[in-house]
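[1] I'll drop the sequence and a predicted model, then ask my questions.
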Amino acid sequence: MTLKAVIRGCGAFLPQKVLTNEDLASMVDTSDEWIRERTGIRERHIAGEDEKTSDLAAAAARAALDAAGMAPNEIDLIVVATTTPDLTFPSTAAIVQAKLGIESGAAFDIQAVCTGFIYALSTAEKFLTTGQHKRALVIGAETFSRILDWDDRATCVLFGDGAGAFVLEAQEEAEAGSRGVMNSYLRCDGRMVDLLYVDGGVSSTQSVGHVRMQGNRVFREAVNRISEAMQRVIADAGVAVADVDWFVPHQANERIILGVAKKLDLRKEQVISTISGQGNTSAASIPLAYCAGVDDGRIKQGDLVLIEGMGGGLTWGAALLRA
Ligand code: UT7
């Protein structure tokens, strides 16, 4: 019996508060023009003081369950990709489980920063296709605003808060047809920790710390590594770039997104971009963009979707899905 992990629904949640480029220009030495030209970002959402990562995650999960027509208690696995957990422990996934009123199954977090959703999806797919679990919530959720240095213009203009979720279900091949997660490719090179990291943590400083990034060096690494991951995941799945319907990238920088699309001969019209209104929401950006594509009718059942991400670690990866 061959099992596949089929996407039954997706959901998104963005906090109400919006921070525009103009707002930022009154806080640090920057301008709307610089931010738009260098990144493509116009505004981003920021979590309220009482809004935690688990609140954003639970709201996105509820929306995904609604889209799937499923009740919370049908879920037996929750994987949350986050760099900004509510607490050092327990996992944000455990807190989300309780918020959804789910009393059984497994729940854990995955930490691969902006590549987190690809790592989480790939992990959940393995749990489902081995038959160990039946239905999973895979969530990318971040309150990245909490780890920003609001005096550092090189980083504070880039990020935003939000959450996106997939409901995945294990289905036998006869039922799934061609649908499901087809392939994924995950990589890490820990020698490049210094390019993108947070200068604090439990066992080093006993504090949370702030994001530090050598942006232009990360930019150069991103274009090469993401393209390589995309080419590998396509080749390993036995399909061609021409078969891909939609490209749903991690939303770090519009120039990176369009650069890798061009390298692979993907058309601009195939790119689903949410960066202008959301900024970089780290692990949440891929499911948020995917949901935008589903909600506005671009991504339809049966479409071939290519996703990719890159972040601290450095980590990077890509996956190919049949919607
Ligand atoms: O999601 C995780 C992965 N992250 C990424 O993939 C991010 C990758 N990096 C990037 O997206 C880009 O490198 C940035 C958007 C972060 C920066 O763009 P850049 O074109 O690489 O600029 P830069 O860092 O080389 O800086 C150019 C100039 C510098 O001034 P000087 O030295 O030329 O005088 C910076 O000080 O821009 C200056 N600068 C700013 N100016 C106005 C840096 N940040 C700002 C700012 N406003 N916010």
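    Perfect, I can see it now.
[2] Point out the residues in the stretch 1-150 of the chain that sit beside the ligand.
    By C-beta under 6 Å from any ligand atom, the residues of the stretch 1-150 of the chain that approach the ligand are 30, 34, 38-39, 114. Heads up, the C-betas are built off the backbone N, CA and C, glycines and all.
[3] Check the stretch 201-323 of the chain too.
    215-216, 218-219, 222, 252-253, 256, 280, 310-311.
[4] Could you check the pLDDT of the residue nearest to P72 when sequence neighbours are not counted?
    Leaving out its chain neighbours, the residue that sits closest to P72 by C-beta to C-beta, 6 or more residues apart in numbering is L100, at 4.3 Å. Note for L100: predicted pLDDT of 98.
[5] mind checking how far L100 is from the ligand?
    According to C-beta to the nearest ligand atom, to the nearest Å, L100 and the ligand sit 28 Å apart.
[6] again, but for W246
    20 Å.
[7] Could you point out the bridge partners of that residue in the sheet?
    Per DSSP bridges, residues listed as beta-bridge partners of W246: V305.
[8] Could you count how many residues lie near it?
    As a burial measure, W246 scores 23 neighbours (other C-beta atoms under 10 Å).
[9] Is it in contact with L306, as I believe?
    Yes - if you go by C-beta atoms under 8 Å, W246 and L306 touch, sitting 7.2 Å apart.
[10] all helices of the protein, in order?
    In the chain, the segments counted as helices under DSSP state H are 21-25, 32-39, 53-68, 92-99, 116-129, 153-156, 173-176, 215-236, 254-263, 275-278, 285-295.
[11] starting at the chain centroid, how far to the fourth one?
    Put plainly, it is helix 92-99. Chain-centre distance of helix 92-99: 18 Å, with C-alpha atoms, centre = their mean, to the nearest Å.
[12] what does stretch 37-50 give?
    Here stretch 37-50 shows a centroid-to-chain-centroid distance of 15 Å under the convention C-alpha atoms, centre = their mean.
[13] cool, and stretch 35-52?
    So, by C-alpha atoms, centre = their mean, the centroid of stretch 35-52 is 15 Å from its chain's centroid.
[14] Could you tell me which residues make contact with the residue of the stretch 101-250 of the chain at minimum distance from the ligand?
    Residue nearest to the ligand within the stretch 101-250 of the chain: G215 (2.8 Å; C-beta to the nearest ligand atom). Neighbour list for G215: 154-155 [criterion: C-beta atoms under 8 Å, 6 or more residues apart in numbering].
[15] Give me the spatial nearest neighbour of A64, chain neighbours excluded.
    Leaving out its chain neighbours, the residue that sits closest to A64 by C-beta to C-beta, 6+ apart is G11, at 3.3 Å.
[16] so who does S91 touch?
    S91 sits next to 80, 85, 107-109 when contact means C-beta under 8 Å, 6+ apart.
[17] ditto for M192
    When the contact criterion is C-beta under 8 Å, 6+ apart, the partners of M192 are 221, 313-314.
[18] List the contacts of the residue in the stretch 1-150 of the chain positioned nearest to the ligand.
    Proximity to the ligand, evaluated over the stretch 1-150 of the chain using C-beta to the nearest ligand atom, is greatest for T30 at 3.3 Å. Counting by C-beta under 8 Å, 6+ apart, T30 touches 21, 24, 153, 157.
[19] Domains in the chain, by residue range?
    Structural domains annotated on the chain: 3-175, 180-322, as defined by automatic domain parsing.
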